[in-house]
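Peer 1: sequence unknown, structure follows:
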């Protein structure tokens, strides 16, 4: 008999995951990166959930990669809180101290200072540009990663072009253009020359507070709930020092040249511990290790093993520094999260979340630090990782400068549409942010919105005030479908918060309502409202709907809702009068009057945020978001223009093919092979018999040429007939 494969919950090997004690109160299963499979979710303390999420490193604008993580975790958090009823304490950090921050702040500071003092000194700028170019060229030659090498090569080419122009004509605007084009190269060169001379630590705080504030604004625009507790690294340095001292005391870290390193070999050899629980296959990956250590780490010779990582870094000149038992220094990257998570949540976590790119080394090192500090074997029970985000099929990375900022994305799409795009993908899978993805997201939003507006129109025009109208067979069928959809929706969320299937179930009931409305002439208002309320409640739980509106997508606060209700009677009367005029125009065949009626529908009312639909049963009024209506019309125009462009291209290609065919048809078959170098002899008809070397052609080759000859004979004959 085959042995039954053991799961992560029952394995007894060192470092294996152990199922938390207790029973699941929800039936929820989550994909756990620690076991690489779905596990029953059991918090340590009843329905209380302690959750830590890695926050952003704030040295630049927030991009769609951030949105991928934080919208994803916001959806998971809402589902656990608002659907399954867990009492979640959500903690997130802000990394405001890290090598990237130090380098960015210093380089910005030095570049701005340089421009202020040299913007009119053309000779000096040209001289320095050549030095900066040499450094950039060396970086290109040294870089091994293909994508990053391409990015650096592009930067170098832009610098070379601007340098050539400024050298030929060093007028002020060309010097300014050189500084702009070469900012990255100048900044790196300046930092190499003068970085150690920077003594103003405020430049680091100014940078991080600026981008932290922007990050919170972006999260609010995406309707991402703020964390219950927010921590910053710079506010936790004393606790970090104490934490590192405890790890040293337990024998799992050592001081070297003013820095402190985690002893991965000793930790992994300990019977109770296991290093690299999340990504054991990354063992020995020096590239990822180096990225995790940062550009300003000390010499590798300070470490006992290449896999050891910095808990505390001795600060060099030009870097922020704090007092410690090992001298002036600052925290390593990985220790930050372990300390802050443990300070707020204690010795153990229920859930830890972060982007999939943080698995190694960051999260594996976090685990090692916390388990070394507390002497435990399982610091976190469930590690959840959001998937990668691609841009039109290509991996997005801030370091490659091919990212789209959240604010850029919000210029094209609403926060709701972006959230729909995320709901359309499994939270742990790769999401491709593309035109096609967003087209589908916009379509889904419109399907829900039209459903809500149709139900509102039905309820507004209903003359039946009885809330308990008897079901016909049609209503009974629809009610049964609602019951089934609710169960399927629940099953989907229990299965690793499968928002793809859950969203599909919501759209299924919307489709069922649309079918029902086509079959009935007397819609059942109370049943439709019940369905609309449930769909609204589920979309609100997903964070798609922000307000506490009765049902549907809200257009604002309670005052806006009241204003909408106040103007609707006047709009209804206006639409009724327009319908009378429109029907008269149709009867009289008055094209001009009919065109005016269409203009009111297509131009005037949309500009006021009103959609008017002409139907056989009468006009239907829908008050919608004006900006979204304008975006919708812009997309329709763009689509129409694209279709016209494609039509023109097809016509051009056809004309080109026709011209080519006409030119070919003019050639007599007896002339078609003459002058071709691959043949040395032709027969009386002009069909080749020998190749270029004088060898007789094989029968198969001859047969193929005869076929071509006959086809040309037919084509030429048609041409002669048309002359």
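Peer 2: Received, thanks. Source: prediction; values computed, not measured. Numbering: from 1, shown residues only.
Peer 1: quick one, grab the pLDDT at residue 559.
Peer 2: pLDDT, residue 559: 59.
Peer 1: just the one 4 residues further on next, same as before
Peer 2: Here the pLDDT value assigned to residue 563 is 71.
Peer 1: any idea which element it lies in?
Peer 2: In this structure, residue 563 is located in helix 558-588 according to DSSP states H and E.
Peer 1: how many neighbours does residue 97 have?
Peer 2: Around residue 97 there are 25 other residues, counting by other C-beta atoms under 10 Å. C-beta: built from backbone N, CA, C; applies to glycine.
Peer 1: identify the residues contacting it.
Peer 2: With contact taken as C-beta atoms under 8 Å, 6 or more residues apart in numbering, residue 97 is in contact with 204, 208, 233, 234, 320, 330, 331, 336.
Peer 1: for this protein, where's the lowest mean pLDDT among helices and strands?
Peer 2: strand 394-395 (a mean of 80; mean pLDDT, DSSP states H and E).
Peer 1: adjacent strands (with direction) for that strand?
Peer 2: Partners of strand 394-395 in the sheet, by DSSP bridges, are strand 389-391 (antiparallel).
Peer 1: list the buried residues in the partner strand.
Peer 2: Residues of strand 389-391 classed as buried: 389, 390, 391 (neighbour count, 16 or more other C-beta atoms under 10 Å).
Peer 1: next one: stretch 635-651
Peer 2: Using 16+ other C-beta under 10 Å as the test for burial, stretch 635-651 gives no buried residues.
Peer 1: can you list contacts of that stretch?
Peer 2: With C-beta under 8 Å, 6+ apart as the criterion, stretch 635-651 contacts residue 442.
Peer 1: return the distance of that stretch from the chain's centre.
Peer 2: 28 Å (C-alpha atoms, centre = their mean, to the nearest Å).
Peer 1: how about stretch 666-681?
Peer 2: Centre-to-centre, stretch 666-681 and its host chain are 58 Å apart (C-alpha atoms, centre = their mean).
Peer 1: ends of it, what's the gap?
Peer 2: 23 Å (C-alpha to C-alpha, to the nearest Å).
Peer 1: 28 is where my numbering starts, stick with that
Peer 2: In the new numbering, first residue 28, that becomes stretch 693-708.
Peer 1: show me the contacts for residue 714.
Peer 2: With C-beta under 8 Å, 6+ apart, residue 714 has these contacts: 700, 729, 732, 733, 736.
Peer 1: on contacts alone, who are the packing partners of the helix or strand harbouring residue 339?
Peer 2: Secondary structure assigned from DSSP H and E places residue 339 in strand 336-341. When contacts are defined as 3 or more C-beta pairs under 8 Å, 6 or more residues apart in numbering; DSSP states H and E, strand 336-341 packs onto helix 264-276, strand 286-289, helix 313-320, strand 356-358, helix 360-372.
Peer 1: dump those into JSON lines; add mean pLDDT and mean neighbour count as well.
Peer 2: Shown next, in JSON lines, are these (pLDDT from 0 to 100; neighbours: other C-beta atoms under 10 Å):
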{"stretch": "helix 264-276", "mean pLDDT": "98", "mean neighbour count": "18"}
{"stretch": "strand 286-289", "mean pLDDT": "98", "mean neighbour count": "24"}
{"stretch": "helix 313-320", "mean pLDDT": "91", "mean neighbour count": "16"}
{"stretch": "strand 356-358", "mean pLDDT": "98", "mean neighbour count": "25"}
{"stretch": "helix 360-372", "mean pLDDT": "98", "mean neighbour count": "24"}
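Peer 1: among these, which is nearest residue 116?
Peer 2: helix 360-372 (7.3 Å; C-beta to C-beta).
Peer 1: who does the helix or strand just after the closest one touch, helix- and strand-wise?
Peer 2: Counting by DSSP H and E, the element after helix 360-372 in chain order, helix or strand, is strand 376-382. The helices and strands touching strand 376-382, judged by 3+ C-beta pairs under 8 Å, 6+ apart, are strand 75-80, helix 91-105, strand 407-413.
Peer 1: so which residues make contact with strand 376-382?
Peer 2: Contacts for strand 376-382 (C-beta under 8 Å, 6+ apart): 70-71, 76-81, 92, 95-96, 100, 103, 368, 389-390, 393, 406-413, 415.
Peer 1: now it: buried residues?
Peer 2: Buried residues in strand 376-382, counting neighbours by 16+ other C-beta under 10 Å, are found at 376, 377, 378, 379, 380, 381, 382.
Peer 1: and stretch 728-741, by the same measure?
Peer 2: Under 16+ other C-beta under 10 Å, the buried positions of stretch 728-741 are 732, 736, 739.
Peer 1: got it, and stretch 692-705?
Peer 2: 692, 696, 697, 699, 700.
Peer 1: out of the contacts of residue 714, which is nearest to residue 449?
Peer 2: Of all the contacts of residue 714, residue 449 sits closest to residue 732, with 60.0 Å by C-beta to C-beta.
Peer 1: so what does the one helix or strand that closest one maps to touch, helix or strand wise?
Peer 2: Using DSSP H and E, residue 732 sits within helix 726-749. Applying 3+ C-beta pairs under 8 Å, 6+ apart, one finds that helix 726-749 contacts helix 653-692, strand 715-718.
Peer 1: out of those, which is closest to residue 132?
Peer 2: Of all the helices and strands packed on helix 726-749, it is helix 653-692 that lies closest to residue 132, at 36.6 Å by C-beta to C-beta.
Peer 1: from the contact counts, what lies against the following helix or strand past that closest one?
Peer 2: Using DSSP H and E, the helix or strand that follows helix 653-692 in sequence is strand 706-709. Applying 3+ C-beta pairs under 8 Å, 6+ apart, we find strand 706-709 packed against strand 715-718.
Peer 1: out of the buried residues of strand 376-382, which is nearest to residue 56?
Peer 2: Ranked by distance to residue 56 (C-beta to C-beta), the buried residues of strand 376-382 are led by residue 378 at 13.6 Å.
Peer 1: residue 230 is in contact with residue 133, isn't it?
Peer 2: Yes: Residue 230 lies in contact with residue 133 (C-beta atoms under 8 Å); the separation is 7.0 Å.
Peer 1: noted, bye for now.
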